[in-house]
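J.: Here's my sequence, what's the structure:
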Amino acid sequence: MKSEKRLDAVVIGGGIIGAMAARHLLAAGRRITIIERDHVAAGASAGNAGILAFPEIIPIAAPGVIWKAPRWLLDPLGPLAIRPAYAARLAPWFWRFLKASNQRHFHHAIGVHTALMRLTACEYEKLRDDETLASFIVKTGTLDLYDSATTIAAAMPEWEHKAEAGARFRRVGRAEIEELQPGLAPQFAHAFFSDDGLQIADPAGFTRAVAETALGEGAVLERAEVLALAPKDDGVVLLLSGGRTLAAQNAVVACGAWSRRLAASLGEAIPLDTERGYNTTLPKTAFPLRRQLYFNDHGFVVTPLADGIRVGGAVEFGGLNLPPDYRRADALLTRAKGFLPALETEGGTQWMGFRPSTPDCLPVIARSNAAPGVIYAFGHGHLGLTQSAATGRLVAELAENRPPSIDLQPLRADRF
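T.: The predicted model follows:
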């Protein structure tokens, strides 16, 4: 089938990674077409907790996780669950995850995330100079809460790694916890507090605003589904739904958990899966929340948004097609009520979304080996919103054959 006229650069995906990539490519002088099958900020970019998690450099694949996982899996509504109907398909991914949970890779991943976070913090500082985007970025501070002296002591090595990477925080006891966030259950007498904690007040609105700045500078948005990619001597061919094709010099694959299918169409088997996350967004009047709260021993967060309070987290593996199990959102809300007794749990909106995750807990930011005109930008797990600004810059550097701002070898597509 004959292709339509050749485009310059196509960004596949209208989430925060795709929007940031489009913004940086435009700044590099490229002519951009964003292809989105639904609408901008339709997925995880809308339902995330909104935390700019610069200190979160610790990979989930860590030494000792092999002993914790069975206990988590015994609770079907706990911090980690695998849907029985999906267990066989997940087995290869989970085996790679366990293999990555060793000391060598743990320290390697910390180093990679540290470099990414430093770059993304610099890029977000630039965004705060943009009057269109600056109002979305608010300083709330972050309170990381632990159930006991035992659990906070067990977490100390992670905090030492964060301090080495430049994070600033201090340990606080019950009296200061009550000052920082009144209304927490008495059990919380151990915490770390960071005054630097930043929040995106409206994750969906922020993603739309980033995309709109790109559109205002000449990018074009097209609603379509990209079904497959094929290499071309001078770029790449995109097969769209309905049988239409497009040709482009570059195509950026930034469609989150759906990116694996496009890589597979090029013959590249990248072990990308999806950590299904659940949350409930309550009315702003549900609780006088002052700042981001991490309940570290329970795997969920409570965050203040512009128009509500979001209670979410945990991990469920169930792929892209199984229906949501909103009992998980209910369970998180019940636990939040136990930890914030005055929390009003009525009138909330439930959500389930897909976090695109690799078994070694590092994203893929690289040229395709099968089609050099294709650039991969996916697999950020829980850190897509945070690392999006750095990813956009790195994508533009790859597209323009400029030296990358950080070493991209650990993020190559064939590392698995």
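
J.: hey, where'd the helices end up in the stretch 301-416 of the chain?
T.: Applying DSSP state H, counting those that start in this stretch to the stretch 301-416 of the chain gives helices spanning 327-339, 384-399.

J.: Counting neighbours, which bits of the shortest one end up buried?
T.: Along helix 327-339, the positions that meet the burial threshold by neighbour count (16 or more other C-beta atoms under 10 Å) are 328, 329, 330, 331, 332, 333, 335, 336, 337, 339. No exception for glycine: its C-beta is placed from N, CA and C like everyone else's.

J.: Give me the helices and strands touching it, please.
T.: Under the contact criterion of 3 or more C-beta pairs under 8 Å, 6 or more residues apart in numbering; DSSP states H and E, helix 327-339 touches strand 273-283, strand 292-295, strand 300-305, strand 308-317, strand 349-357.

J.: Near residue 258, how many other residues are there?
T.: 20 (other C-beta atoms under 10 Å).

J.: Now do the contacts for it.
T.: 13, 320 (C-beta atoms under 8 Å, 6 or more residues apart in numbering).

J.: isn't there a strand covering it?
T.: No - when DSSP: H, G, I helix; E, B strand; the rest coil is applied, residue 258 is found to be helix, with no strand at that position.

J.: can you redo the helices and strands packed on helix 327-339 as a markdown table with distance to residue 138?
T.: What follows is the helices and strands packed on helix 327-339, written out as a markdown table (distance: least, C-beta to C-beta, whole Å):
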| stretch | distance to residue 138 |
| --- | --- |
| strand 273-283 | 17 |
| strand 292-295 | 10 |
| strand 300-305 | 8 |
| strand 308-317 | 14 |
| strand 349-357 | 21 |
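
J.: where among the ones you listed is the average confidence lowest?
T.: Confidence, taken as mean pLDDT, is least for strand 308-317 of these (a mean of 93).

J.: For that strand, list the C-alpha coordinates in CSV.
T.: Extracted in CSV, the C-alpha atoms of strand 308-317 (Å, rounded to 0.1, in the frame of the first residue of the first chain):
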residue,chain,number,x,y,z
GLY,A,308,-9.5,16.7,45.6
ILE,A,309,-7.6,14.2,47.6
ARG,A,310,-6.2,11.1,45.8
VAL,A,311,-5.7,7.8,47.7
GLY,A,312,-3.9,5.3,45.6
GLY,A,313,-1.0,2.9,45.0
ALA,A,314,-0.2,-0.8,45.3
VAL,A,315,0.5,-3.1,42.3
GLU,A,316,-1.7,-5.6,40.5
PHE,A,317,-0.4,-7.6,37.6
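
J.: and it, how far from the chain's centre?
T.: 13 Å (C-alpha atoms, centre = their mean, to the nearest Å).

J.: May I ask you to confirm that residue 316 is in contact with residue 84?
T.: No - between residue 316 and residue 84 there is no contact under C-beta atoms under 8 Å: 11.7 Å.

J.: hmm, back to that, would you turn the helices and strands packed on helix 327-339 into CSV with distance to residue 27 and mean neighbour count?
T.: Listed next are the helices and strands packed on helix 327-339 as CSV, based on distance: least, C-beta to C-beta, whole Å; neighbours: other C-beta atoms under 10 Å:
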stretch, distance to residue 27, mean neighbour count
strand 273-283, 31, 23
strand 292-295, 30, 24
strand 300-305, 29, 24
strand 308-317, 31, 23
strand 349-357, 25, 20
